[in-house]
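S.K.: Have a look at this fold, sequence not included:
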């Protein structure tokens, strides 16, 4: 479980590169960028299949798994882009980023899972740190004019948390299935692009390299790692630790010279790290007890 949890957290680390690579990709419209990067993400899965154990060809994938996977990957991005078009980015992003808290709370409904106080408090500390990062220390202004955009952001949070929790109910479904979720998301994103956007391609090698980086990691390998984590890892710990993504993203931007360090980032670091450690308390204590017993 600890190994799978760490693999799942590697997805969070890769998502931290999303803002940097997206900013470096130029003016490519969202659905076109999604179509290109998920196509690359599909290729990541096809290559990974060469090194992963072969799936049982006779095993039939339940129909609901396809619905869950495609709704999770494409649905999240569709509603997130819709939210950003219809509400201020700060408020929409914060609402969408309720999904880690929903994962922690929803895990109590999963078979064999038990929700403890440290999971809830850890997730709330992570949420507080995320508020500091997303709002840049300022206030929030929820305006009724943007109610539709806020609602779309809330759908994002529900979709991704539901995808993560429901994936855990199908641990026997191989992670290689994510390849086809990425392929379907790429195709549907292309349709949305043709219907809703004007085509603007990356300009120059630098922007194309940023798009390639997006497809290889945040919109590629991250989804395969996340699948392993939510199916076999400690999902409460993963949910609380997922609040590290906006913090890590900000630290990456600082390292790249696109942002400045501040007390707000230090405070967010303390809140998110402390929350993740608190959520992982049971897992860490169990691991220590096992090590002593083996000794």
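M.R.: Noted; the coordinates are in hand. It should be emphasised that the depicted structure is a prediction, and the values quoted were computed from it without experimental measurement.
S.K.: what about residue 258, helix or strand, and which?
M.R.: Under the criterion of DSSP states H and E, residue 258 resides outside all helices and strands.
S.K.: do the same with the one 3 residues further on
M.R.: With elements taken from DSSP H and E, nothing contains residue 261; it lies in neither a helix nor a strand.
S.K.: Share the number of residues neighbouring the nearest residue to it once chain neighbours are set aside, please.
M.R.: Distance criterion Cβ to Cβ, 6 or more residues apart in numbering; nearest residue to residue 261, sequence neighbours excluded, is residue 254 at 5.6 Å. Using the backbone N, CA and C atoms, a C-beta is placed for each residue, glycine as well. Here the number of neighbours of residue 254 (other Cβ atoms under 10 Å) works out to 14.
S.K.: how close does residue 254 sit to residue 222?
M.R.: Going from residue 254 to residue 222 by Cβ to Cβ, to the nearest Å gives 21 Å.
S.K.: ok, now residue 51?
M.R.: Using Cβ to Cβ, we find residue 51 at a distance of 17 Å from residue 222.
S.K.: list the contacts for residue 210?
M.R.: Residue 210 makes contact with 21-22, 24-26, 202 under the criterion Cβ atoms under 8 Å, 6 or more residues apart in numbering.
S.K.: Can you check the pLDDT for residue 78?
M.R.: Note on residue 78: pLDDT of 94.
S.K.: er, residue 19 I mean
M.R.: You'll see residue 19 listed with a pLDDT of 84.
S.K.: same deal with residue 292?
M.R.: Looking at residue 292, its pLDDT reads 49.
S.K.: Which one of the contacts of residue 210 is nearest to residue 129?
M.R.: Proximity of the contacts of residue 210 to residue 129 (Cβ to Cβ) peaks at residue 22, which lies at 21.6 Å.
S.K.: Quick check: nearest residue in space to that closest one, chain neighbours excluded?
M.R.: residue 214 (6.7 Å).
S.K.: ok, now residue 201?
M.R.: Sequence neighbours aside, residue 28 is the residue nearest to residue 201 in space, at 6.7 Å (criterion: Cβ to Cβ, 6+ apart).
S.K.: now that neighbour, what's its secondary structure?
M.R.: coil (DSSP: H, G, I helix; E, B strand; the rest coil).
S.K.: In this structure it contacts residue 203, no?
M.R.: No. Counting by Cβ atoms under 8 Å, residue 28 stays clear of residue 203, with 9.1 Å between them.
S.K.: Of these two, which one has the most company?
M.R.: More neighbours surround residue 28 than the other of residue 28 and residue 203, with 24 against 12 (other Cβ under 10 Å).
S.K.: what about that one, distance to residue 107?
M.R.: For residue 28, the distance to residue 107 (Cβ to Cβ) stands at 36 Å.
S.K.: Check residue 194 too.
M.R.: Residue 194 sits at a distance of 39 Å from residue 107 (criterion: Cβ to Cβ).
S.K.: So between these two, which is more surrounded?
M.R.: Remark: of residue 194 and residue 107, residue 107 carries more neighbours, 23 against 12, as counted by other Cβ under 10 Å.
S.K.: Please verify my assumption that the more buried one contacts residue 239.
M.R.: Yes. Between residue 107 and residue 239 there is a contact under Cβ under 8 Å: 6.8 Å.
S.K.: and for these two, which residues touch both?
M.R.: Here residue 107 and residue 239 have residue 119 as joint contacts, going by Cβ under 8 Å, 6+ apart.
S.K.: the more surrounded of residue 51 and residue 222?
M.R.: Higher neighbour count among residue 51 and residue 222: residue 222, with 24 against 6, using other Cβ under 10 Å.
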